[in-house]
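> Next one to model:
(one chain, ligands or ions: 1)
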Amino acid sequence: MTDDKHDADGMKKIISLSKRRGFIYQGSEIYGGLAGVYDFGPNGVELLNNIKKSWWQANVYDKENYYGLDSGMFKNPKVWEASGHTAGFSDPLAECRKCNTRIRVDKELEKVGVTADEKMSDEEINDLFEASQDKIKCPSCGKKDFTPARSFNLLVKSNLGDFTAAGDSPVYLPGEACQGIYLNYKNIVDTLGAKIPFGVAQIGKAFRNEISPRNFLFRTREFEQADTQLFVRPNQNKEAFENIKKDRWSWYLSLGLNEKKLRWKQHDNLVFYASDAWDIEYDFPTYGFDEVEGIHDRTDYDLSQHMKFSGVDLHYTDQVTGEKFIPWILETSMGLGRVYLAVLSDAYCEDEIGGETRTLLKLAPQLAPVKVAVFPLLKNKPELVTKAREVYDLVKKSIPQTAWDDGGNIGKRYRKQDEIGTPYCVTVDFDTLEDGMVTLRDRDTAEQEKVAVDDLASALQTKLNQ
Ligand code: ATP
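Purely as a prediction, here's the structure:
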């Protein structure tokens, strides 16, 4: 595809392929949809699960001192008070006086080169907004006439709270997934004897009342986060933080992403408790560079707050020295939808084969939803179909993500498999019945080679693992 991030069609093509090939559907589509919610289709959920598997492998199995967790989504309402979300988890919102479209003032200011961060009061943001109003246009009607900005809390309420001991306080859906890790830190120390430094990894849903969900999967109201929190001794944060940054960068490269499309961005203005914060950004087609993951040095803020609000002692005791302290936390928080979109954007290609343009997803084999597709050359020749079924069963035994395809002609099947990123296609033809050889076709080069059926499964395994 074109490398020009300003190409307005770049993302449109990815969105269209996502729908056409069963990756992403609009949530509740037959009812007209629900803004900011998407569903992952049959190919989409495979790609998503493959990204999650790779993340879990890197953050739990490849580490000695990281533990996995899956905490409940609903939490005691006090959790969100302690975390500061009920009071401060808000975006500055303004409304166009002409057409009532709502805008996020901080994001609009950012586009015109003005930084407004979460530390600023409403007055400070409004001063910046007023000073820049001649540069900010309503995205719907183009007018430059807005109401003053006011804070809009992003937490989504439920009515589950009616039955809790917390009485009238609403029970919220999680505004971020990581709180469950802080709440279980003591359980993990007490039950598993975890020794500092240790980390906890979790994948969980988050919900935010985003004012203007937009840019496909980039800003949604329901999304998944993959988080790690490393608990370290106070002031033993710097080297560990640098190691985490290196580790996270390598993980993105392990997905096969083009390194030139990734960059670091350090936060200029830190929230009051943080000691350092960096984002990993990806250069999305049409949208340009934007955040996919935040890496934050959060000091002892989270555990201190939960200790204060719960009244439970969350100090860690060093078993050897007897020393007691509140651990500091180094966090990585990645939006799975955003990484998913980066993976699709990076893999999307158009090239020419035999004078025809084709679209393909050059996904790393480990991420491809389907690894191998097996076809009979013709679907109305029983002897071919029987042999192809045998080959399919054989390959599927060792590579479960093998698909059967006999729809349309062979050219159409190749196009379809190319568009979902299937690395290899296997065709059974009349020669196979004579010589026991099948045709193996490579997605990226479209080159074909003959392979004996007896060697096929191991040849495919080798190629997929290269
Ligand atoms: P932004 O500034 O884009 O609103 P954030 O800094 O509030 O993001 P965090 O609270 O640090 O984001 O969340 C961690 C990660 O969760 C982000 O890096 C991003 O990948 C993802 N994320 C946050 N908000 C959304 C959203 N509305 N839709 C999809 N992913 C999101």
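> secondary structure class for Val292?
strand (DSSP: H, G, I helix; E, B strand; the rest coil).
> residues near it, how many?
The number of residues packed near Val292 is 23, by other C-beta atoms under 10 Å. Where C-beta positions appear, they are placed from N, C-alpha and C, glycine not excepted.
> Check the secondary structure at the residue in the stretch 101-250 of the chain that the ligand sits nearest to for me.
Closest residue of the stretch 101-250 of the chain to the ligand, C-beta to the nearest ligand atom: Phe223 (3.8 Å). Using three-state DSSP as the criterion, the local structure at Phe223 reads strand.
> mind listing what it touches?
By C-beta atoms under 8 Å, 6 or more residues apart in numbering, the residues touching Phe223 are 205-206, 208, 217, 335-337.
> Now it. Nearest residue, chain neighbours left out?
Gly337 (4.9 Å; C-beta to C-beta, 6 or more residues apart in numbering).
> surely the one you found meets Leu217?
Yes - if you go by C-beta atoms under 8 Å, Gly337 and Leu217 touch, sitting 3.8 Å apart.
> shared neighbours, these two?
With C-beta under 8 Å, 6+ apart, Gly337 and Leu217 have common neighbours 38, 223.
> from the contacts of Phe223, which is closest to Leu128?
Of all the contacts of Phe223, Leu128 sits closest to Arg208, with 23.0 Å by C-beta to C-beta.
> correct me, but that closest one touches Leu154?
Yes - at 4.4 Å, Arg208 and Leu154 qualify as touching, with contact defined as C-beta under 8 Å.
> And these two? Which one has more around it.
Neighbours per residue, other C-beta under 10 Å: of Arg208 and Leu154, the larger number sits with Arg208, 22 against 18.
> Contacts only, for that one.
154-156, 175, 221, 223.
> For it, give its distance to Ser169.
19 Å (C-beta to C-beta, to the nearest Å).
> rewinding a little: next one: the residue nearest to Phe223, what pLDDT does it get?
Model confidence at Gly337, given as pLDDT, is 98.
> any chance you could read off phi and psi for Glu331?
Here is the backbone geometry of Glu331 (degrees, to the nearest 10): phi -110, psi 140.
> The contacts of Phe223, buried ones only, as a ChimeraX selection?
Filtering the contacts of Phe223 down to the buried ones (16 or more other C-beta atoms under 10 Å) takes a single ChimeraX command:
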select :206,208,217,335,336,337
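> And Arg150, what's its pLDDT?
So, for Arg150, pLDDT stands at 86.
> ok, now the one 5 residues further on?
According to the model's per-residue confidence, Leu155 sits at a pLDDT of 93.
> Report the contact partners of the residue most central in space within the chain.
Residue closest to the average C-alpha location in the chain (C-alpha atoms, centre = their mean): Leu336, at 1.3 Å. Applying C-beta under 8 Å, 6+ apart, we find Leu336 in contact with 48, 51-52, 203, 223-226.
> okay if I get those residues as a markdown table plus pLDDT?
Output for the contacts of Leu336, formatted as a markdown table (pLDDT from 0 to 100):
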| residue | pLDDT |
| --- | --- |
| Leu48 | 98 |
| Ile51 | 98 |
| Lys52 | 98 |
| Ile203 | 98 |
| Phe223 | 98 |
| Glu224 | 98 |
| Gln225 | 98 |
| Ala226 | 98 |
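> Mind telling me what element His306 is part of?
Per DSSP states H and E, His306 falls inside helix 301-310.
> So what touches that helix?
The contact list for helix 301-310, computed with C-beta under 8 Å, 6+ apart, reads 78-79, 81-84, 182-183, 185, 229, 273-274, 312-315, 326-327, 329.
> Name only those of those that count as buried.
79, 82-83, 182-183, 185, 229, 314, 326-327, 329.
> Counting neighbours, what do you get for the residue lying closest to Gly22 once chain neighbours are set aside?
Closest residue to Gly22 apart from its sequence neighbours, by C-beta to C-beta, 6+ apart: Gly41 at 3.9 Å. Residues lying near Gly41 (other C-beta under 10 Å) number 17.
> Need the phi and psi values for Gly41.
Main-chain dihedrals, Gly41, degrees, to the nearest 10: phi -80, psi -170.
> With Asp442 as the reference, measure out to it.
For Gly41, the distance to Asp442 equals 26 Å [C-beta to C-beta].
> ditto for Phe89
From Phe89 across to Asp442, the span is 49 Å (C-beta to C-beta).
> go on, Ala201?
Using C-beta to C-beta, we find Ala201 at a distance of 35 Å from Asp442.
> so what's the nearest residue to Thr286 once chain neighbours are set aside up against?
Nearest residue to Thr286, sequence neighbours excluded (C-beta to C-beta, 6+ apart): Met11, at 3.9 Å. Counting by C-beta under 8 Å, 6+ apart, Met11 touches 215-216, 284-287, 345.
> In JSON lines, list those residues along with pLDDT, neighbour count and secondary structure.
Shown next, in JSON lines, are the contacts of Met11 (pLDDT from 0 to 100; neighbours: other C-beta atoms under 10 Å; DSSP: H, G, I helix; E, B strand; the rest coil):
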{"residue": "Asn215", "pLDDT": "92", "neighbour count": "16", "secondary structure": "coil"}
{"residue": "Phe216", "pLDDT": "95", "neighbour count": "21", "secondary structure": "coil"}
{"residue": "Phe284", "pLDDT": "97", "neighbour count": "24", "secondary structure": "strand"}
{"residue": "Pro285", "pLDDT": "96", "neighbour count": "25", "secondary structure": "coil"}
{"residue": "Thr286", "pLDDT": "95", "neighbour count": "19", "secondary structure": "coil"}
{"residue": "Tyr287", "pLDDT": "94", "neighbour count": "19", "secondary structure": "coil"}
{"residue": "Ser345", "pLDDT": "97", "neighbour count": "23", "secondary structure": "helix"}
